[in-house]
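1. Sequence plus the predicted model coming up.
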Amino acid sequence: MKSKFIFAGITVAMMPFAVLSCTDTGTEDDRPEAVNEIIDVLETSLPQASSFTDLLKDADLSDVVSDELTVFAVQDDTQEKSETSESSSETVRRHIATGSYGPDDLYDGRELSSLSGEILEVTRDGDKIEINGVAVIGDAIPAGKSYIYLVESTIPSESEPGGGDTPEQPEQPVDPQEWENDLHDFWFRTRTLNQSLAYGYGGFTYNNVRTVSTTYWDAAYSIIDSGIELLAKVPEEDRYGTDALKIRLNMALVYSYIYGFYCQCIFKGDEMDPHNDINYLRNELDNIINYMPEEYSYAARALKARLELNETRYQAALDDCLGIIESGRYSLTQDDVFGSMDNPGVVWAGCEDTDIDLSKGAYFHPVRYEEVLLMAANATNELGWQEQAVQYVNQILEWKGMEHMNPGASHDGISEAIQNLFNEDMAGEGLEYQVWRRWGISNEKMSVVDGYTASTNSALPIPDKALGQYTFLPQNPGY
């Protein structure tokens, strides 16, 4: 099912916003800069939320480290005294989510983490926007890197009526066909993220990178969690059967995308504790290669070659590429590689490409044979085998009707040829962000994107929620 970038509506009892106690006083000097920016905007743009603004000024938020927040400010004309013993700081914290969420970043069913530790559920039906059942009024208002929304009444706490008393409904089991559809949507989401990071597609700016990162991380691990649930239903004796291995291969692709964007990831499973050892992915791909029917194993080899190149394990990457090349199953032909699912230039046939703006043809394919040849050229060039690297490059040049490279080409000359071919032929397929980092040219390529910082943005920030959940996971440098 496609994620909808919309809120949907549920109705709960509206709770009065509460001025409870002012023992939690904060000062402008103690407050983080992001909070001061929010207060300035509230005072100038939302005078109808003056009581909330006063509470925000008094609240102790000195422990807030994020410079990207989303605030749900309560309008004045619905505010009354509260009977609860909750402090004003606790109330304010419930109305502030970590992360900067513009309207397009919020979709039906999304859960935001508030500073109070409570969950804020986003729903939307057309233009009707609600947060935990409380209606949002008007448009989002930017405040530095943050956003402010006006809400019609206090968002109830989880212990108040309408704030979490409804019994949880049992989760519906994962439907395999729906999971496959979600996978296809995730491929398109990955391509869109890559285009945003690499080229500034859709008006992207690195000033909003934390929010974009959190959105993608959540989507990726939603796919992973559903895959784990599907695998848990497979009988033990069938865990190495083709159907189970296909699920594992698709999960490995998702993991490889995560690793490509973050340079690390959390590996999870029904029978293992979460961890971040990249050898798990390497071993998982080896298992898929060894046990899967041959026609499916080459896709796993290609994913492993990507991983090994990113880890500068050039001999291992070359071995995986040779396993594909020497099979004789694939070749470069003049037929449109994006025109069908059955083309010898496709290693992993994907799905119908429904994204008109980014489509390169009728079909999207996660792995193409040209990439395998480029990876083989990359690996042999780094191993010092320039003549062999030129042979792989020349296969592509001949296919394109271009003049061959000289067999005596230098390392740098071959690297330039590989990069040119990749940028000409592989652009827009979801790989530039990780491949440019692999080649050490991220700064050169992405410095044109607004807000890009050379010392920081060649990898995405790990979301705060993940860092809190997996304390062994380090944040990437610069964030």
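-> Perfect, thanks for sending it. Predicted model only: the values in this text are computed from it and were never measured. Numbering: from 1, shown residues only.
2. now this structure, which segments are flagged as low pLDDT?
-> Scanning the chain for pLDDT under 70 picks out 1-29, 78-87, 158-172.
3. quick one, strands of it?
-> Taking DSSP state E as the criterion, the chain carries its strands at 69-74, 96-98, 111-113, 119-125, 128-131, 134-143, 146-151, 267-269, 272-275, 346-348, 351-352, 363-364, 367-368.
4. what's the last one in contact with?
-> The contact list for strand 367-368, computed with Cβ atoms under 8 Å, 6 or more residues apart in numbering, reads 299, 302-303, 337, 345-348, 426, 429. C-beta here means a position set from N, CA and C on the backbone, and glycine is covered the same way.
5. can you count the residues close to residue 293?
-> For residue 293, the neighbour count with other Cβ atoms under 10 Å is 9.
6. Can you pull up the most central residue in this protein?
-> Nearest to the mean C-alpha position of the chain, by Cα atoms, centre = their mean, lies residue 216 at 2.0 Å.
7. gap between the residue nearest to that residue when sequence neighbours are not counted and residue 444?
-> If the residues on either side of it in the chain are set aside, residue 216 comes closest to residue 193, at 5.4 Å by Cβ to Cβ, 6 or more residues apart in numbering. Taking Cβ to Cβ, to the nearest Å as the measure, residue 193 and residue 444 are separated by 20 Å.
8. more neighbours, those two?
-> Neighbour count, other Cβ under 10 Å: between residue 193 and residue 444, residue 193 has more, with 22 against 11.
9. picking up where we left off before, let's have the strands of the chain in CSV, adding distance to residue 287.
-> CSV is the format used below for the strands of the chain (distance: least, Cβ to Cβ, whole Å):
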stretch, distance to residue 287
strand 69-74, 42
strand 96-98, 37
strand 111-113, 34
strand 119-125, 36
strand 128-131, 44
strand 134-143, 46
strand 146-151, 44
strand 267-269, 13
strand 272-275, 14
strand 346-348, 18
strand 351-352, 25
strand 363-364, 26
strand 367-368, 18
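10. okay if I get the ones you listed as CSV plus distance to residue 318 and mean neighbour count?
-> Conversion of the strands of the chain to CSV gives the following (distance: least, Cβ to Cβ, whole Å; neighbours: other Cβ atoms under 10 Å):
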stretch, distance to residue 318, mean neighbour count
strand 69-74, 47, 26
strand 96-98, 43, 25
strand 111-113, 44, 16
strand 119-125, 47, 18
strand 128-131, 52, 20
strand 134-143, 49, 18
strand 146-151, 47, 24
strand 267-269, 25, 18
strand 272-275, 28, 11
strand 346-348, 16, 19
strand 351-352, 30, 14
strand 363-364, 27, 21
strand 367-368, 17, 24
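11. Out of those, which gets nearest to residue 412?
-> strand 367-368 (25.7 Å; Cβ to Cβ).
12. gap between that closest one and the chain center?
-> On the basis of Cα atoms, centre = their mean, to the nearest Å, strand 367-368 sits 21 Å off its chain's mean C-alpha point.
13. Could you list the paired strands of that strand along with their orientation?
-> In the sheet containing strand 367-368, its partner strands are strand 346-348 (antiparallel), by DSSP bridges.
14. can you tell me which residues contact the closest residue in space to residue 280 that isn't next to it in sequence?
-> Of all residues not flanking residue 280 in the chain, residue 267 sits nearest, at 4.6 Å (Cβ to Cβ, 6+ apart). Residue 267 makes contacts with 255, 274-277, 280-281, as judged by Cβ under 8 Å, 6+ apart.
15. out of the residues you listed, which is most surrounded?
-> With neighbours set by other Cβ under 10 Å, the maximum within the contacts of residue 267 is found at residue 255, which has 25 neighbours.
16. which one is residue 343 nearest to, not counting chain neighbours?
-> Nearest residue to residue 343 in three dimensions, chain neighbours excluded: residue 337, at 5.3 Å (Cβ to Cβ, 6+ apart).
17. swap that for residue 309, sorry
-> Looking at residue 309 with Cβ to Cβ, 6+ apart, the closest residue is residue 317, at 4.6 Å.
18. Just give me the neighbour total for the one you found.
-> When neighbours are counted by other Cβ under 10 Å, residue 317 registers 25.
19. cool, and residue 214?
-> 25.
20. what's the distance between it and residue 479?
-> Relative to residue 479, residue 214 is positioned 12 Å away (Cβ to Cβ).
21. what does residue 225 give?
-> Relative to residue 479, residue 225 is positioned 25 Å away (Cβ to Cβ).
22. got it, and residue 70?
-> Residue 70 sits 18 Å away from residue 479 when distances are taken as Cβ to Cβ.
23. Next: residue 123.
-> Relative to residue 479, residue 123 is positioned 30 Å away (Cβ to Cβ).
24. next one: residue 121
-> Note on residue 121: its distance to residue 479, by Cβ to Cβ, is 27 Å.
25. How about residue 149?
-> Distance, residue 149 to residue 479, using Cβ to Cβ: 25 Å.
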